[in-house]
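> compute the structure for the input listed below.
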Amino acid sequence: MNNVLVTGGSGFIGSNLAAALLDSGCSVRVFHRPHSDVRALDGLDVEHALGDIRDRAAIQAAMKGCDTVFHTAALISYWKKERPLMFDVNINGTRNVVDACLELGVTKLIHTSSIAAIGFPEHGSTSDETNEFNWGRFDIGYRISKYEAEKEIHHGVGAGLDAVIVNPAVVMGPRDIHFHAGQLIRDIYRKRIFYYIEGGINIVSVEDVVRGHLAASERGRRGERYILSGENLTHREAITIIAEVVGGIRPVFRVPAPFVRFIAGASELAALLFRTHPWVTRELLAGSHLRYHFSCEKAQRELGYRITPFRQTVERAFEWYRQHSLL
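Now for the predicted structure:
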């Protein structure tokens, strides 16, 4: 691995991955849209290739001369209004990447999928890579898009591409300038969240995810998927630990599921009336009552993957936000 392309390189995982690749001595080219916010790449000596993941010609031009591709580009949305665009980016964009890799003879493709593409355990156990996708009845666009994107990777594998899939859990850590999992930290720090809902969550350190990507590029088996997860926690446990780290309020009460659905519906209605983006959506909260826990045993066994304790993950992310005055 010498010359590397990172699609979505200005994003959260992509920028952290670019930094690690530079540290390992690779020449790194990042592919992102011309108007992307590139603050996460500050201080990194990368080459910029501009274009849209939906533009096959732009992808091919960016990929020329690269032996390895990390495909991290994706649109995360839980709002039905944005579903057509998200499907175009996540599914058709992945198809474009696969086709370009095949045409240009790329040695290895590592595709950043998500635990969103993995089915939940029907009886409260722990999910692993073998859990079949079973989210259909919840109709969550993002999950569908990531599941369908993996099919594009398998089509490429069938055509001879050496591709590996990694499935990160909810990612937290430095360079999360758009506040994905970091929104939890900010809301709890500002004492906006002091309650919890039923169910469980798995949040993983971005540093672990990056190391998992690099290990997958070296030791991942063609066509296989690897869960990159952290500690399995209930929502109450996760919120309690974050509150202890950032000085927030430990959860005081549980919010019933019907009320959660009501708030999501009201948020979507308000967004429609005022032509804004909803604060929270029904898709985001669909299935949130489930204890959605994961095993990363396969990645540990085959990739040498290791988990950072959740409290340490929160501490590192919180410190980064404070240093950059983002709270």
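> what segments of the stretch 51-200 of the chain are helices?
Using DSSP state H, counting those that start in this stretch, the helices found in the stretch 51-200 of the chain span residues 56-63, 83-87, 93-104, 141-158, 182-189.
> most neighbours per residue, which of these?
Highest mean neighbour count of those: helix 93-104, a mean of 22 (counted as mean count of other C-beta atoms under 10 Å). To be clear about C-beta, it is placed using only N, CA and C from the backbone, and glycine gets the same treatment.
> give me the average confidence score over stretch 188-207.
Taken as a whole, stretch 188-207 has a mean pLDDT of 94.
> buried residues in that stretch?
By neighbour count on 16 or more other C-beta atoms under 10 Å, the buried set for stretch 188-207 is 188-189, 193, 196-207.
> cool, stretch 247-260 as well?
So, applying 16+ other C-beta under 10 Å, buried residues of stretch 247-260: 248, 251, 260.
> and of those residues, the nearest to G51?
Lowest distance from G51 to the buried residues of stretch 247-260 (C-beta to C-beta) belongs to V260, with 39.5 Å.
> quick one: contacts of stretch 53-61?
Residues outside stretch 53-61 that contact it (C-beta atoms under 8 Å, 6 or more residues apart in numbering) are 7-8, 31, 49-52, 73, 88-89, 92-93, 96-97, 99-100, 103-104.
> let's see 7 Å
Applying C-beta atoms under 7 Å, 6 or more residues apart in numbering, the contact partners of stretch 53-61 are 7, 51-52, 73, 88-89, 92-93, 96-97, 99-100, 103-104.
> distance of F179 from V171?
Per C-beta to C-beta, to the nearest Å, F179 is found 12 Å from V171.
> and G247, by the same measure?
Applying C-beta to C-beta to G247 and V171 gives a distance of 23 Å.
> skip the chain neighbours and tell me the closest residue to P34.
L50 (4.7 Å; C-beta to C-beta, 6 or more residues apart in numbering).
> right, and the one you found touches V30 too?
No - contact between L50 and V30 fails when scored by C-beta atoms under 7 Å: they sit 9.7 Å apart.
> comparing those two, which residue is more hemmed in?
Taking other C-beta atoms under 10 Å, L50 and V30 do not tie; V30 has more neighbours (29 against 14).
> and the helix or strand hosting the more buried one, what does it pack against?
Taking DSSP states H and E as the definition, V30 sits inside strand 27-32. Using 3 or more C-beta pairs under 7 Å, 6 or more residues apart in numbering; DSSP states H and E as the contact definition, the elements that strand 27-32 packs against are strand 3-7, helix 12-23, strand 47-50.
> avg pLDDT for it?
pLDDT averaged over strand 27-32 gives 98.
> again with stretch 228-239
Mean pLDDT, stretch 228-239: 96.
> okay, the closest residue in space to L85 that isn't next to it in sequence: pLDDT?
Excluding the flanking residues, the one nearest L85 by C-beta to C-beta, 6+ apart is L75, at 6.5 Å. You'll see L75 listed with a pLDDT of 96.
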